[in-house]
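Chemist: Coordinates only, no sequence provided:
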């Protein structure tokens, strides 16, 4: 009996979203900000994000529960501009 339950539980667990990667309506692109695989990613333009875009800065979204957000802010000089869909949006100066 338990042998039949275990494969079913594994399938259910495989469909469970990973924390910090919840579906979002934000227009993310790229494989990570600063390095491939980073949890923070650049954001493109849509009706919501266009108010935060700047030619002198990157708009970046990081999961709100990311453990090292403080380090990201210090390392990049990022300024928080909004929160949406479980993400913190930052304007990261390029100059």
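Modeler: Okay, I see it. Being a predicted model, the structure only gives us computed values, none of them experimental.
Chemist: Run a quick neighbour tally on the nearest residue to residue 84 once chain neighbours are set aside.
Modeler: Spatial nearest neighbour of residue 84, excluding adjacent residues (CB to CB, 6 or more residues apart in numbering): residue 26 at 6.4 Å. For glycine as for every other residue, the C-beta is placed from the backbone atoms N, C-alpha and C. Using other CB atoms under 10 Å, residue 26 is surrounded by 19 other residues.
Chemist: Residue 26 against residue 61, yeah?
Modeler: Yes: the pair residue 26 / residue 61 is scored as a contact, 5.6 Å apart, by CB atoms under 8 Å.
Chemist: what is in contact with those two at once?
Modeler: 43, 87, 89 (CB atoms under 8 Å, 6 or more residues apart in numbering).
Chemist: I'd like to know which of those are buried.
Modeler: 43, 87, 89 (16 or more other CB atoms under 10 Å).
Chemist: can you pull the contacts of the second one?
Modeler: Pointing back at residue 87 there. 24, 26, 61-64.
Chemist: still on that earlier bit, and the shared contacts of residue 26 and residue 61, which of them are in strands?
Modeler: Secondary structure from DSSP state E places 43, 87, 89 of the shared contacts of residue 26 and residue 61 in strands.
Chemist: how close does the last one sit to residue 24?
Modeler: To residue 24, residue 89 is 11 Å away according to CB to CB, to the nearest Å.
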